[in-house]
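In: can you look at this prediction? I've put the sequence above it.
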Amino acid sequence: MVKKFGDHTVLEGLDFTVSRGERVTLIGPSGSGKTTILRLVMTLEELTGGYIHIGGTPLQYEEQGGKRVRIPDKRRRRTTTGIGMVFQHFNLFPNMTVLENIIEAPVHVMGLSKDEAAHKAEALLDKVGMAWKKDARPSELSGGQQQRVAIARALAMDPEILLLDEVTSALDPELVGEVLGVLKDIAAETDISMLIVTHEMQFARDVSQRVMMFDHGSIVEEGTPEKMFSAPENQRTQDFLRAVL
Ligand code: ADP
């Protein structure tokens, strides 16, 4: 895939696959393109070239008579229902309650009835330990609690893949553990694929099968967490890990 912002090429010749149920962590210096990859998969950004496939279906573009045609927005939204994203700054709807935040997309995008969606939302809130706050507004919650609600909201769309973009970076240190704990449980209990951008190297070690080191929009090294964190071969990986660990 290729992604440019104006003349600035952020990703070039990037090609990788995440298998069903696989957890992959992207590491690398700030500005290397990690968040852009997640935003492209979520279709929050438009690809400049190439393709992204989810479960064999190309995102954003399709071939029609040998030509590359953009999928209309309405259908594109439907094609992304299998993807959930959790953002650094939670991004909950401030004017909605916790429960309303979670049922919004299942009702409006998946077409579930309000009752069905609420039933499912309560089970998900229970899973992330937030059922007791279902009628609260996001502003009444701590950052860790908001992030747990955001995780439940992403799961409400039955994602095949969960995109986690520095989900603990905006949290006070004492709240990081509760969010990572919820994510570790989800990783242990489901086969949802995960593409993770994080500076929490222990979390990356605990949940991912593969770590990819990015620099300047390309993969400079990849391998198991054991190999990447204990015996990185690439100089840039070594320098990066020395600076963050
Ligand atoms: P990372 O997540 O690794 O820190 P990003 O994906 O956020 O990196 O950014 C990669 C590069 O793309 C940076 O140079 C950044 O300035 C640029 N970039 C990201 N989003 C935009 C945008 N909307 N417009 C212009 N440039 C952008």
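Out: Great, that's in hand. Numbers count the residues shown, from 1 in each chain.

In: I figured Lys134 was touching Met96, is that so?
Out: No: taking contacts as CB atoms under 8 Å, Lys134 lies outside contact range of Met96: 11.4 Å. All C-beta atoms are positioned from the backbone trio N, CA, C, and that covers glycine.

In: surely Val10 is in a strand?
Out: Yes: the assignment for Val10 (DSSP: H, G, I helix; E, B strand; the rest coil) places it in a strand.

In: now Tyr163: which helix or strand?
Out: I think there's a mix-up here, since residue 163 is Leu and not Tyr. strand 161-165 (DSSP states H and E).

In: which other residues reach whatever helix or strand comes next after that strand?
Out: Using DSSP H and E, the helix or strand that directly follows strand 161-165 along the chain is helix 173-189. With CB atoms under 8 Å, 6 or more residues apart in numbering as the test, helix 173-189 has contacts from 23, 127-129, 142-144, 147-148, 151, 155, 162, 164, 167-168, 171, 192, 194, 200, 203, 206-207.

In: compare Lys134 and Met96 (neighbour count), which wins?
Out: More crowded of Lys134 and Met96, by other CB atoms under 10 Å: Lys134, with 19 against 14.

In: need the contact list for that one.
Out: Taking CB under 8 Å, 6+ apart as the criterion, Lys134 is in contact with 97-99, 121-122, 125.

In: switch to 6 Å and redo it
Out: By CB atoms under 6 Å, 6 or more residues apart in numbering, the contact set of Lys134 is 98-99, 125.

In: of those, which belong to helices?
Out: If you go by DSSP state H, the contacts of Lys134 have 98-99, 125 in helices.

In: which one of those is nearest to Pro138?
Out: For the ones in helices among the contacts of Lys134, the closest approach to Pro138 (CB to CB) belongs to Val98, at 7.3 Å.

In: could you give the number of residues near the closest one?
Out: Val98 has 26 neighbours, counted by other CB under 10 Å.

In: that one and Asp135 touch, don't they?
Out: No: using CB atoms under 6 Å, Val98 is not in contact with Asp135, being 7.0 Å away.

In: returning to that earlier point: buried subset of the contacts of helix 173-189?
Out: 23, 127-128, 143-144, 147-148, 151, 155, 162, 164, 167-168, 171, 192, 194, 200, 203, 207 (16 or more other CB atoms under 10 Å).

In: out of the residues you listed, list just those in strands.
Out: The members of those that map onto strands under DSSP state E are 23, 162, 164, 194.
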